[in-house]
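[1] After the sequence you'll find the predicted model.
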Amino acid sequence: MRKASYVVAFFAVVATVILNGLSATRPDWLVVNNPEIFHAKVTVQYGLTQRCERQVVVVPGLPDGSKLAYTDYKCRAFPNRVTDNCEKENKAFCMTWSTAGYFTELGVGSGIVACLALLFGVSTHSRRRRIWRAVAWLTALHVAFQIITFAVVTDLYRNSRYPTFEQARPGMAYVLNALSWVFGILVTIGIITTGVSANKGHRWAAGNRAYRPIEG
């Protein structure tokens, strides 16, 4: 493969890792917007490792006709063994949700290793001929872990495995994860296509030093 192809692949994989990392750390995979009650609005966000709650209380009818708003925002670990009943009725949910978080961490890790492999692969021409296979496997693994996380969260959400998920809607972290693995699939296909084409001696993939297998 051309050195330029590895450079493009490096930045493409970095982009998927960044998207995956953002989705893993944001607390808004699922968002519950509770109806306003007595001028109080409560929004609950569920991330892979934390639950955040924003409460906004609006006090109307001030002398000058304006309104006064109080905002409280706090987060806690999620799922919590005691608060979320992980030892009783929600045991299966807590185990499954935590597993989704572990898969995301594995996805970020494999993506980082893929980036390191790309950096290592561009050092010499001989390495560029071989390293693309390892990079393709690592990026495919990176994507697979993200898809598993997405599938797990989607299943728990669609089947309302947690009491408040009936009112939940997908948040920004959910969307970022989807973008990450969709883009990751395209990157993986691009790496495999370029690598195979380079092995076959196509100049657009292998460059001026195109290599062909020795026949005979």
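    It's in.

[2] Where do the helices of this protein begin and end?
    Assigned by DSSP state H, the chain shows helices spanning 3-25, 91-121, 125-158, 172-199, 203-206.

[3] and the ones you listed as JSON lines, adding distance to F78, mean neighbour count and mean pLDDT?
    No exception for glycine: its C-beta is placed from N, CA and C like everyone else's. Listed next are the helices of the chain as JSON lines, based on distance: least, Cβ to Cβ, whole Å; neighbours: other Cβ atoms under 10 Å; pLDDT from 0 to 100:
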{"stretch": "helix 3-25", "distance to F78": "13", "mean neighbour count": "19", "mean pLDDT": "90"}
{"stretch": "helix 91-121", "distance to F78": "8", "mean neighbour count": "19", "mean pLDDT": "92"}
{"stretch": "helix 125-158", "distance to F78": "12", "mean neighbour count": "19", "mean pLDDT": "88"}
{"stretch": "helix 172-199", "distance to F78": "13", "mean neighbour count": "20", "mean pLDDT": "90"}
{"stretch": "helix 203-206", "distance to F78": "46", "mean neighbour count": "16", "mean pLDDT": "51"}
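
[4] As a markdown table, these with distance to Y70 would be great.
    As requested, these are exported to a markdown table (distance: least, Cβ to Cβ, whole Å):
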| stretch | distance to Y70 |
| --- | --- |
| helix 3-25 | 27 |
| helix 91-121 | 31 |
| helix 125-158 | 31 |
| helix 172-199 | 25 |
| helix 203-206 | 61 |
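
[5] Pretty sure S98 sits against R81.
    No: using Cβ atoms under 8 Å, S98 is not in contact with R81; the gap is 10.4 Å.

[6] do you know which of the helices of the chain lies nearest Q45?
    helix 172-199 (8.7 Å; Cβ to Cβ).

[7] what helices or strands is that closest one leaning on?
    On a contact count with 3 or more Cβ pairs under 8 Å, 6 or more residues apart in numbering; DSSP states H and E, helix 172-199 meets helix 3-25, helix 125-158, helix 203-206.

[8] give me every residue that touches F150.
    174, 177-178, 181 (Cβ atoms under 8 Å, 6 or more residues apart in numbering).

[9] returning to that earlier point: for the helices of the chain, which one sits closest to K41?
    Nearest of the helices of the chain (Cβ to Cβ): helix 172-199, 18.9 Å.

[10] Determine how far the closest one lies from the middle of the whole chain.
    13 Å (Cα atoms, centre = their mean, to the nearest Å).

[11] tilt between that helix and helix 125-158?
    150 degrees (axes from the mean of the first three to the mean of the last three Cα atoms, to 10 degrees).

[12] before we move on, back to that, any chance of a markdown table for the helices and strands packed on helix 172-199, columns distance to V32?
    Shown next, in a markdown table, are those (distance: least, Cβ to Cβ, whole Å):
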| stretch | distance to V32 |
| --- | --- |
| helix 3-25 | 18 |
| helix 125-158 | 11 |
| helix 203-206 | 49 |
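
[13] and of the ones you listed, who's closest to G47?
    Comparing the helices and strands packed on helix 172-199 by Cβ to Cβ, helix 3-25 comes nearest, at 7.7 Å.
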